[in-house]
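Novice: Fold the stuff below for me.
(chains A and B)
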2 protein chains.
Amino acid sequence: MNFGRAPCIISRTFRLLGNAQLVSGSTWGRFPSTSVIMARRTGKIRGYSDFCRERNRLRVLLDMDMVLADFEEHFLTKYRETYPDAPYVKAEDRDGFWLRDQYEKISPNLKDKVQSIYEAEFFFRDLPEIPGAIEAAQEINKMEDVDVFICTSPLVQYKYCVKEKFEWVEQHLGMEWVEKLIITRDKTMVQGHVLIDDKPKIKGKVICCLSIPSWKHVVFTACHNRRTNIHGRRRLDNWTDGSWRNLLEDIRKHI
Amino acid sequence: MNFGRAPCIISRTFRLLGNAQLVSGSTWGRFPSTSVIMARRTGKIRGYSDFCRERNRLRVLLDMDMVLADFEEHFLTKYRETYPDAPYVKAEDRDGFWLRDQYEKISPNLKDKVQSIYEAEFFFRDLPEIPGAIEAAQEINKMEDVDVFICTSPLVQYKYCVKEKFEWVEQHLGMEWVEKLIITRDKTMVQGHVLIDDKPKIKGKVICCLSIPSWKHVVFTACHNRRTNIHGRRRLDNWTDGSWRNLLEDIRKHI
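Specialist: Have a look, this model is predicted:
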C-alpha cells in the first residue's frame, strides 16, 4: 500500500474534524481511518514529518476578468468607438454584474450592441491589466507554500474568448502560467482555499453535496459591485496598496 | 442566515465524519457546527428531508481524448497521410500514454513529426467519436441524481486545441454540454466522485492537501494502456457493452 500522500490526507482529515474523535468510516472513501490513526500514532509514514508544513499550504484561485484583466474599461472604450452615438454607462454609474442587463434597462436594443463588443475577435486578447495585478500574481506565485491558479469562466460564445484568454495569460504572465489556467463555467467545482473574484455571487450549476465550494470567496472590488451587498464576505479593493498580503496571511491562518 | 444549502453541507460533513462526534470547529469554515447539529436535531432547515437523496447524488467526470473522442485512430490516419514513408506504430503495438515517446524510441526525429500532426489546425475538431461514447454520455446526463461534466487537459500548444475542443463538444453533444466543459492541466483540482480517463496515472501539479483527488479514477481502456499496470484501479473497457451502467451504480453505492 502506498502511503506517500498520507500526510496530506491526515492534514485534511484533522482540519475538517477539528477536535472531533475519528471513530470509524473513511476519509473520502480512499483511506481507512484506522490507517490514518495508526499513521498518526507511529509517525512511520514517509513524509509524515512534513505534516505541519503541509497544513498551511495555501491554494489561491484568481479570477481573470476584473481581477487580472480590465474587462469593464476595455468594453467602454470599444463600445464608444464602435457606437459613438449610442447611450453608455460611465464607470462610476455601473451597478450590477451583467453589463448587458444594465444597458438593456436604458434601451432593449442596446443588449445586442453590448454583446457584439465582447464577442468580437481580439476583445479578450487586448484587455489591459488591472493595476498591480500582474506584479501581485507573480509575487503570490513566488510565496513559500502557496500555489496559485487562474480560474475563469468563458463566454457561452467561446469562439474567440477561450483561445484569447490563453493568449492573454501567456503574454502578460508567461508560458508557465498557461499551465495554471482553468476554464470552467462552474467555479464551485475547483478546489482551493480562496477565490478572488469580482462576481458577488458565485453559484454552481447543480446544487448538490460537491457544489459547496472548498474556497472562501473574496470579492474583488470593481465598478459594478461597489454598491452590491456582498453578505459579509471579505473584499479586496485593489492590488496596489499591498493589503492582499495581509488578506492571504489571514486566510492561511484559518485553513 | 440562508440555510438553503444546509442539507448538502450536512451530507458531506457526515459522510466525512462517519460516526464521529462533531465537537467543535466548522465545516469548510462556512457553517458553524452548532448550526449543523441543531439542523440535524430539529430537521427544520429547508430541504432537510432531501438529506438521504442528496447523499447519493453522483458527479461523473469524463475525459475527452480516448474516452469520448478517438485521438489515437485519427492521429494514425493523419500521420500516415502526411508522412507516408515514415515508420509508424500500429494500434495493436501502441504501449505507453505518450505517443511521441514511443515514436521517439523508433527514431529521435519522429517526435517532431508526431507533434506536427496533433498540433495542426482542425486535428481536434475532426476527431471521430469513440464507439458508443456519445450515446452513453447522453444517457448518463439523463440519469436521475447524476451530474456529468467533461474534464480535459489542453495541449501546451493551445492555439487550435482549446477552441476545437469546445467545437467538438458543441457538434457532437450540443450546446448544453459546452457549459459542462472544464479545461485544466490539473484534473486533481476538479471535484467529482468518478473520473473516467484513459491516462493510467493522473497527478496534480503540486502535491499538497488539496491535490488529493475527490474522485475515484476509472481507467478507460485504450490501445496505449492495455498492457499498463493500473495498480488495482478499475477499468472500463468500452461504452458499447453496457457495463458502464453497473460501474456507475457501484460507485454511487460507495459515495
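Novice: so where's chain A shaky on pLDDT?
Specialist: Along chain A, the parts satisfying pLDDT under 70 run over A:1-56, A:206-211.
Novice: Remind me what the longest strand along it packs against, helices and strands.
Specialist: Secondary structure of chain A read by DSSP state E shows that its longest strand is strand A:146-152. In terms of contacts (3 or more Cβ pairs under 8 Å, 6 or more residues apart in numbering or on different chains; DSSP states H and E), strand A:146-152 is packed against strand A:58-62, helix A:133-142, strand A:181-183. In short, each C-beta sits where N, CA and C put it, glycine included.
Novice: Outside of it itself, list whatever touches it.
Specialist: By Cβ atoms under 8 Å, 6 or more residues apart in numbering or on different chains, the residues outside strand A:146-152 that reach it are A:57-65, A:68, A:137, A:140-141, A:165, A:169, A:177, A:180-184, A:187, A:190, A:192, A:195, A:197, A:248, B:186, B:189, B:205-206, B:208.
Novice: Then stretch A:100-109?
Specialist: A:87, A:89, A:94-96, A:110-111, A:113-115.
Novice: okay if I get these as TSV plus secondary structure, neighbour count and distance to chain B?
Specialist: As requested, the contacts of stretch A:100-109 are exported to TSV (DSSP: H, G, I helix; E, B strand; the rest coil; neighbours: other Cβ atoms under 10 Å in any protein chain shown; distance: Cβ to the nearest Cβ, whole Å):
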residue	secondary structure	neighbour count	distance to chain B
A:Pro87	coil	10	31
A:Val89	coil	21	28
A:Arg94	coil	19	26
A:Asp95	coil	15	23
A:Gly96	coil	13	20
A:Leu110	helix	21	25
A:Lys111	helix	17	19
A:Lys113	helix	17	23
A:Val114	helix	22	21
A:Gln115	helix	15	16
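Novice: just how off-centre is the longest strand of chain A within its chain?
Specialist: On the basis of Cα atoms, centre = their mean, to the nearest Å, strand A:146-152 sits 7 Å off its chain's mean C-alpha point.
Novice: partners of it in the sheet?
Specialist: Strands that pair with strand A:146-152, judged by DSSP bridges, come out as strand A:58-62 (parallel), strand A:181-183 (parallel).
Novice: Distance-wise, check the closest residue to A:Pro87 other than its chain neighbours relative to chain B.
Specialist: Counting by Cβ to Cβ, 6 or more residues apart in numbering or on different chains, A:Ile106 is the residue found nearest to A:Pro87 once chain neighbours are left out, at 5.3 Å. As judged by Cβ to the nearest Cβ, to the nearest Å, A:Ile106 and chain B stand 29 Å apart.
Novice: I'd like the distance between A:Ile106 and A:Glu81.
Specialist: 19 Å (Cβ to Cβ, to the nearest Å).
Novice: And A:Ile134, by the same measure?
Specialist: 25 Å.
Novice: what about those two, which has more around it?
Specialist: A count of neighbours by other Cβ atoms under 10 Å in any protein chain shown puts A:Ile134 above the other of A:Ile134 and A:Glu81, at 17 against 9.
Novice: From B:His172, how far out is the more buried one?
Specialist: From A:Ile134 to B:His172 the distance is 38 Å (Cβ to Cβ).
Novice: one step back: quick one: the longest strand of chain A to helix A:133-142, angle?
Specialist: In terms of direction (axes from the mean of the first three to the mean of the last three Cα atoms, to 10 degrees), strand A:146-152 departs from helix A:133-142 by 140 degrees.
Novice: Toward the C-terminus, what is the element adjacent to strand A:146-152?
Specialist: Later in the chain than strand A:146-152, the nearest helix or strand by DSSP states H and E is helix A:161-173.
Novice: Packing partners of that next one?
Specialist: Partner elements for helix A:161-173 (3+ Cβ pairs under 8 Å, 6+ apart): helix A:133-142, helix A:175-178, strand A:181-183, helix B:161-173.
Novice: Let me know which of those is the nearest to B:Ile130.
Specialist: helix B:161-173 (10.5 Å; Cβ to Cβ).
Novice: what does that closest one contact?
Specialist: Contacts of helix B:161-173 (Cβ under 8 Å, 6+ apart): A:154, A:158-159, A:162-163, A:166, A:183, B:64, B:68-69, B:118-119, B:122-125, B:127, B:129, B:134, B:137-138, B:150, B:152, B:154-155, B:177-178, B:180-181, B:183.
Novice: picking up where we left off before, which ChimeraX command selects the buried ones in the contacts of strand A:146-152?
Specialist: Only the buried entries of the contacts of strand A:146-152 go into this ChimeraX selection, using 16 or more other Cβ atoms under 10 Å in any protein chain shown:
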select /A:57,58,59,60,61,62,63,64,65,68,137,140,141,165,169,177,180,181,182,183,184,187,190,192,195,197,248 /B:186,189,206,208
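Novice: if you go through chain A in chain order, where are the strands?
Specialist: A:26-27, A:31-32, A:58-62, A:146-152, A:181-183, A:194-197, A:216-220, A:234-236.
Novice: now the ones you listed as a markdown table including distance to B:Trp244?
Specialist: Shown next, in a markdown table, are these (distance: least, Cβ to Cβ, whole Å):
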| stretch | distance to B:Trp244 |
| --- | --- |
| strand A:26-27 | 25 |
| strand A:31-32 | 26 |
| strand A:58-62 | 32 |
| strand A:146-152 | 30 |
| strand A:181-183 | 27 |
| strand A:194-197 | 33 |
| strand A:216-220 | 36 |
| strand A:234-236 | 43 |
